[in-house]
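>>> Sequence and predicted structure below; questions after.
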Amino acid sequence: MATNFHANSQPSSSSNISLPRNVHPSDEFYSIFSEEEVLEIIHALEVKREIPLKYSYKGKGATSWNNFYLKHLIPRWYRSSNLEIDLLRNNFSFINSLTQEVEQLNIIDVGSGNSYPVKEFISKLLKLGKINKYIAVDISEEMLAISRDNFTKWFPKTKFSSYSIDVENNSLNKLLVEHEANLETANTANVFLHLGVTISNHKNRSQALKNFRDSMGKNDLLIFTSESGSNAKWDGIARGGFKYHVDRVYAGIKEKIGIQAEDCELVRKYDVETDSKVANIKLNHNYSIEFDIKGINKKVEISEGEEITIWRHHAYELPELLQELSQAGLELAHLGTNKNKSHLLVICQVASNT
């Protein structure tokens with residue numbers, strides 16, 4: 001069994017008081033999450049001791065992510081490279097060759113965030129006259145608003161649409177029908193983008209891949225990025241999003257749920273069960289979190305010493321990647337890597353035998 005690493009923990013005092021601290025989520029919590037989402041959060045807390053990362057991009061979380069991206073990831077004079085932009089740039093000719101048989105492309109950017117990673121990619125396709133429309137897809141309406149502001153400023157003459165959906169739990173077929181992107185024609189194809197190594201954050205990666213597959217036609221492409229390598233060999237040092245974004249997510253969840261800073265600590269570690277790096281809130285006090293949604297009262301009891309997962313990241317090794325693609329009905333068309341081979345750009349199509 002691999003060793004669990006703990007890094008950058010934020011210590012707080014533990015309590016010997018056995019009675020739970022009763023807390024209620026903030027008004028903001030109920031204002032940004034739908035009834036269905038609140039019920040999913042309750043279920044995830046009860047059954048999995050997890051608050052899915054995807055919900056941290058809603059409300060003020062969208063601004064927090066955008067600020068993190070602008071500060072740490074966007075190219076500057078002192079930081080000329082960006083992982084996503086570089087991977088798309090270095091593999092553009094191959095992507096273009098795979099779409100030579102069609103005249104127009106619908107770019108469906110799933111987990112679009114602020115759309116910065118695709119700016120250069122879209123610009124190149126526009127110069128080739130190949131863009132029909134760009135559809136930004138995200139679970140967060142607030143993030144979609146940032147995407148719209150950016151994209152329409154950069155490309156005011158290009159058709160822009162947006163759609164809020166959780167790709168881990170839903171097919172994209174309804175979206176495609178509404179945007180008339182489901183019509184298989186000889187001159188148009190859909191290119192689904194899932195960047196930001198978002199596939200690595202999903203609890204159920206296989207289901208997300210199947211949802212993409214069920215939304216694809218024979219001429220369509222799915223392009224996603226992922227970290228590469230062994231999760232178990234993590235050196236215990238938090239870097240990039242595992243450091244800076246996790247800190248923001250941790251602060252946001254404490255505020256929304258009502259967990260006091262002195263009652264918890266942030267633990268980053270390798271999780272053997274899911275073969276992933278995770279960030280957890282470890283409680284140093286018994287807690288009773290009381291949810292009230294449309295007259296339904298629900299308490300979730302969490303004991304001192306228990307941990308709630310708020311962030312996860314899974315790196316792929318090639319055999320595992322190929323297996324998950326095959327199980328989803330997809331096949332690898334091209335695999336790109338960055339210089340040190342720490343990250344992958346995966347381009348896949350509907351499997352020919354399906």
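On my side now, so go ahead. Residues are numbered from 1 along each chain as shown.

>>> could you pull out the strands for the chain?
Taking DSSP state E as the test, the strands found in the chain are 21-23, 104-110, 131-138, 160-164, 188-194, 221-227, 264-271, 276-283, 287-293, 296-302, 307-313, 330-337, 343-350.

>>> report the angle between the axes of the fifth one and strand 104-110?
Right, strand 188-194. 20 degrees (axes from the mean of the first three to the mean of the last three Cα atoms, to 10 degrees).

>>> nearest residue to Ser81 other than its sequence neighbours?
Once flanking residues are discounted, Ser81 sits nearest to Pro75: 6.7 Å by Cβ to Cβ, 6 or more residues apart in numbering. No exception for glycine: its C-beta is placed from N, CA and C like everyone else's.

>>> any chance of the strands of the chain in TSV, with mean pLDDT and mean neighbour count too?
Shown next, in TSV, are the strands of the chain (pLDDT from 0 to 100; neighbours: other Cβ atoms under 10 Å):
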stretch	mean pLDDT	mean neighbour count
strand 21-23	95	14
strand 104-110	96	23
strand 131-138	96	23
strand 160-164	95	17
strand 188-194	96	23
strand 221-227	97	22
strand 264-271	97	20
strand 276-283	97	23
strand 287-293	94	17
strand 296-302	92	14
strand 307-313	97	21
strand 330-337	97	16
strand 343-350	97	22
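
>>> any idea how far Asn114 is from the residue nearest to Ser81?
14 Å (Cβ to Cβ, to the nearest Å).

>>> Who has more neighbours out of the two?
Asn114 (23 against 13; other Cβ atoms under 10 Å).

>>> Quick check: the more buried one touching Ala145?
No. Applying Cβ atoms under 8 Å, one finds Asn114 not in contact with Ala145, separated by 10.0 Å.

>>> show me what contacts Ser26?
Glu255, Lys256, Ile257, Gly258 (Cβ atoms under 8 Å, 6 or more residues apart in numbering).

>>> redo that, cut-off 6 Å
Contacts for Ser26 (Cβ atoms under 6 Å, 6 or more residues apart in numbering) come out as Lys256.

>>> what about stretch 114-122, start to end distance?
For stretch 114-122, the first-to-last residue distance is 14 Å (Cα to Cα, to the nearest Å).

>>> Under the pLDDT cut-off, which ranges of the stretch 101-250 of the chain? List them.
In the predicted model of the stretch 101-250 of the chain, residues 180-186 satisfy pLDDT under 70.

>>> where exactly do the helices run in it?
Taking DSSP state H, counting those that start in this stretch as the test, the helices found in the stretch 101-250 of the chain are 119-127, 141-154, 173-178, 205-214, 240-257.

>>> Just send those back as a markdown table, with distance to Leu266 and mean neighbour count too.
Shown next, in a markdown table, are the helices of the stretch 101-250 of the chain (distance: least, Cβ to Cβ, whole Å; neighbours: other Cβ atoms under 10 Å):
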| stretch | distance to Leu266 | mean neighbour count |
| --- | --- | --- |
| helix 119-127 | 33 | 17 |
| helix 141-154 | 24 | 18 |
| helix 173-178 | 36 | 15 |
| helix 205-214 | 24 | 20 |
| helix 240-257 | 5 | 19 |
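
>>> Adding distance to Ala315 as columns, could you present the ones you listed in TSV?
Output for the helices of the stretch 101-250 of the chain, formatted as TSV (distance: least, Cβ to Cβ, whole Å):
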stretch	distance to Ala315
helix 119-127	24
helix 141-154	24
helix 173-178	29
helix 205-214	12
helix 240-257	11
